[in-house]
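S.K.: this is a predicted model, with the sequence first.
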Amino acid sequence: MGAEPFVSHQLAMVVESLPPLSAILFTVAALAIGAFTVYFYGPSWRVRRVPGPLALPLIGHLPLFAKHGPEVFIVLARKYGPIYRFHLGRQPLVMVASPELCREVGIKKFKSIPNRSMPTPIRSSPVHHKGLFFTRDSRWQSMRNVLVSIYQPSHLASLIPVIQPYVERAGHLLHHGQEITFSDLTLKLFSDTIGQVAFGVDFGLTKDTTTASTPTTESVDNAATDFIQKHFYATTSLKMDLSGSLSIVLGQFIPFLQEPVRQLLMRVPGTADQRMEETNMAMSGLLDNIVAERAAQSDRGEKNFLSVLLNARESSEAMKKLFTPDYVSALTYEHLLAGSVTMSFTLSSLVYLVAMHPEVEVKLLREIDAFGPNEVVPDAEELQTKFPYVEQVLKETMRFFTVSPLIAREASEDVEIGGYVLPKGTWVWLAPGVLAKDPEQFPDPYVFRPERFDPENGECKRRHPYAFIPFGIGPRACIGQKFSMQQLKLVIIHLYRHYVFRHSPKMEVPLQFQFSIVVNFKHGVKLQVIDRKILCKQ
Ligand code: HEM
């Protein structure tokens, strides 16, 4: 017998002993379904005891989100109570929606839940990874300890003369009878002020090109303008709903595919992923240049965040290791991100709401006018003590339209919250937007009533201390809270000293929102400007 017939015979025997093709297919299919089930239901299984609506395969509760928008979290809290599950695609979130449970997560059990989970849009955007927001554990703690010193009252007070010229400059852009998209102006204004406070650079966005009067700062160059445009694009592209780039959308359903697909699509011309990558690269390059230039300056002073950070970096070897150039860039950029969109949304909401409530406007103007002549700029202490009604209007605005209705946290060990044991790795999200509309804490929650924040008011006295947390809670709360309030008051006082506002006929009713990493207006806030001097003469 030759070798060939022998081999064929052996092969035939092997093939005969194999299961039929259908059996193989069946096994493969069963394995695939098993793997699919484990992958998609594993995370849900771990938190199955927490109540919540039935989650659809792959898309979880995203259809509910599409139907109700951010209000969905209020709807679900009413139905399931203060702790419930919400599935963002495959990822289950344990939502915490009562003041007491927020205190438990944010303060009492902070050690078990010290970090933030990284939402899908941010995973696509490396420029955001090394800021304070997403840094974790001991590195976060060390960075925060240094950065907190920058927000000391004395430093904040010194920022008023730095910011005021920008506020006045933006004010000069307003004219009686003018129709403006006010939210665009405020985004430019706060990008300009934070540009100065964070980088020591004048982005020149509110510069009146028809006059020569501008604050005396470093020159406005094309690189800065280019940078800020890229920043606007990068920020508005980080959508949490299903309108983001393909890799972001995919990340909601099949997270492990997000990065490979992003890597692929960013090489394909015309895709949103490619545009985002180009923007991120260009922005990182520009940021690194700004940081390198400032690092090379010997007398950089202490007037802006970047200089303070670079000075801290040079103070010891440990600091040098902590604040490597990439972290310095990310932290400085984070200021711009955190301090422009949030502030613009809050101020635009305030002016929108005051325009709808003449009785609030009258009280606000009375308090502002009583302070003194228009030329006198209040100092930090006066801002804190002489404008209680401005503060109430601001707080009520932040309650009414909460810019950050969800706060992302993640358990770093097994932890018990509200009677449920949540395993390590669970995404535990706080819901300040739900608390803000709780009728027990805020009677008639859909009525805009600043007086509810008057400390002498019974409603205010009865309220739980953590019912109102627009800046978050505990050691991880917003580091810029005092800075924000100071700056917002400064702008409100300046604006209302000169103008009042009415809704433009072009303003949509009701106002529509867009949910990206923070809430924003879909079509902007459109207003008519009324010069108070002209109003008085009429
Ligand atoms: C109206 C204005 C603002 C609002 C409503 C706001 C809200 C928030 C919220 C809700 C958080 C999460 C807190 C938590 O997890 O408990 C946060 C964190 C943070 N905010 Fe703000 N913010 C505002 C303005 C600013 C400004 C102006 C800056 C910087 C100049 C800033 C810098 C930060 C940083 C760095 C964090 C992360 C803190 C950490 O993880 O340690 N924010 N903010």
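M.R.: Received, thanks.
S.K.: hey, let's count contacts and neighbours off CA atoms from now on
M.R.: OK.
S.K.: tell me how many other residues surround V434.
M.R.: Neighbour count for V434, taken as other CA atoms under 10 Å: 28.
S.K.: same deal with the one 5 residues further on?
M.R.: A count of nearby residues for P439, using other CA under 10 Å, gives 11.
S.K.: what of S284?
M.R.: 19.
S.K.: and H464, what does it touch?
M.R.: Neighbouring residues of H464 by CA atoms under 8 Å, 6 or more residues apart in numbering: 99, 441.
S.K.: in the stretch 201-350 of the chain, which ranges drop under the pLDDT threshold?
M.R.: 209-244, 252 (pLDDT under 70).
S.K.: show me which residues of it sit near the ligand.
M.R.: Contact residues, the stretch 201-350 of the chain versus the ligand (CA under 6 Å from any ligand atom): 335, 338-339, 342-343, 346.
S.K.: how about these in CSV, adding secondary structure and neighbour count?
M.R.: Formatted as CSV, these follow (DSSP: H, G, I helix; E, B strand; the rest coil; neighbours: other CA atoms under 10 Å):
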residue, secondary structure, neighbour count
H335, helix, 21
A338, helix, 16
G339, helix, 22
T342, helix, 19
M343, helix, 21
T346, helix, 23
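S.K.: stretch 407-421 near the ligand at all?
M.R.: Yes. Counting by CA under 6 Å from any ligand atom, contacts between stretch 407-421 and the ligand involve I407.
S.K.: so what touches that stretch?
M.R.: Stretch 407-421 is contacted from outside by 49-50, 83, 101, 104-105, 112-119, 422-432, 472, using CA under 8 Å, 6+ apart.
S.K.: tell me the buried residues in it?
M.R.: Neighbour-count burial for stretch 407-421, with 16 or more other CA atoms under 10 Å as criterion, is recorded at 407-412, 415, 417.
S.K.: which outside residues touch stretch 487-504?
M.R.: With contact meaning CA under 8 Å, 6+ apart, stretch 487-504 is reached by 160, 163-164, 167-168, 171, 179, 343, 347, 351-352, 355-356, 365, 368-369, 374, 378, 383, 390-391, 526-533.
S.K.: so which of the buried residues of stretch 407-421 comes closest to G270?
M.R.: The nearest member of the buried residues of stretch 407-421 to G270, counting by CA to CA, is A408 at 32.0 Å.
S.K.: could you report the neighbour count for the closest residue to F468 other than its chain neighbours?
M.R.: Nearest residue to F468, sequence neighbours excluded (CA to CA, 6 or more residues apart in numbering): A436, at 6.2 Å. Using other CA under 10 Å, A436 is surrounded by 27 other residues.
S.K.: which helices and strands sit right next to whichever strand or helix holds L287?
M.R.: For L287, the host element (DSSP states H and E) is helix 272-296. Packing contacts for helix 272-296, counted by 3 or more CA pairs under 8 Å, 6 or more residues apart in numbering; DSSP states H and E, involve helix 222-236, helix 246-253, helix 255-265, helix 305-313, helix 325-356.
S.K.: flag every buried residue along that helix.
M.R.: Residues 272-284, 286-288, 290-291, 294-295 are the ones in helix 272-296 that count as buried (16+ other CA under 10 Å).
S.K.: next: stretch 315-322.
M.R.: For stretch 315-322, a neighbour-count test (16+ other CA under 10 Å) marks 319, 322 as buried.
S.K.: return the distance of that stretch from the chain's centre.
M.R.: 29 Å (CA atoms, centre = their mean, to the nearest Å).
S.K.: and what of stretch 512-532?
M.R.: A distance of 16 Å separates the centroid of the chain from that of stretch 512-532, by CA atoms, centre = their mean.
S.K.: is it anywhere near the ligand?
M.R.: No. Contact between stretch 512-532 and the ligand is absent, the nearest approach being 9.1 Å (criterion: CA under 6 Å from any ligand atom).
S.K.: span of that stretch from start to end?
M.R.: End-to-end distance for stretch 512-532: 29 Å, by CA to CA, to the nearest Å.
S.K.: over it, what's the mean pLDDT, rounded is fine.
M.R.: Averaged over stretch 512-532, pLDDT sits at 88.
S.K.: what does stretch 22-30 give?
M.R.: Across stretch 22-30, pLDDT averages out at 85.
S.K.: please save the CA atoms from it in PDB.
M.R.: C-alpha atoms of stretch 22-30 as PDB (Å, rounded to 0.1, in the frame of the first residue of the first chain):
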ATOM      1  CA  SER A  22     -25.100  21.600  12.100                       C
ATOM      2  CA  ALA A  23     -23.800  20.400  15.500                       C
ATOM      3  CA  ILE A  24     -20.700  22.600  15.100                       C
ATOM      4  CA  LEU A  25     -22.700  25.600  14.100                       C
ATOM      5  CA  PHE A  26     -25.000  25.000  17.100                       C
ATOM      6  CA  THR A  27     -22.100  24.800  19.500                       C
ATOM      7  CA  VAL A  28     -20.500  28.000  18.000                       C
ATOM      8  CA  ALA A  29     -23.900  29.800  18.200                       C
ATOM      9  CA  ALA A  30     -24.400  28.600  21.800                       C
END
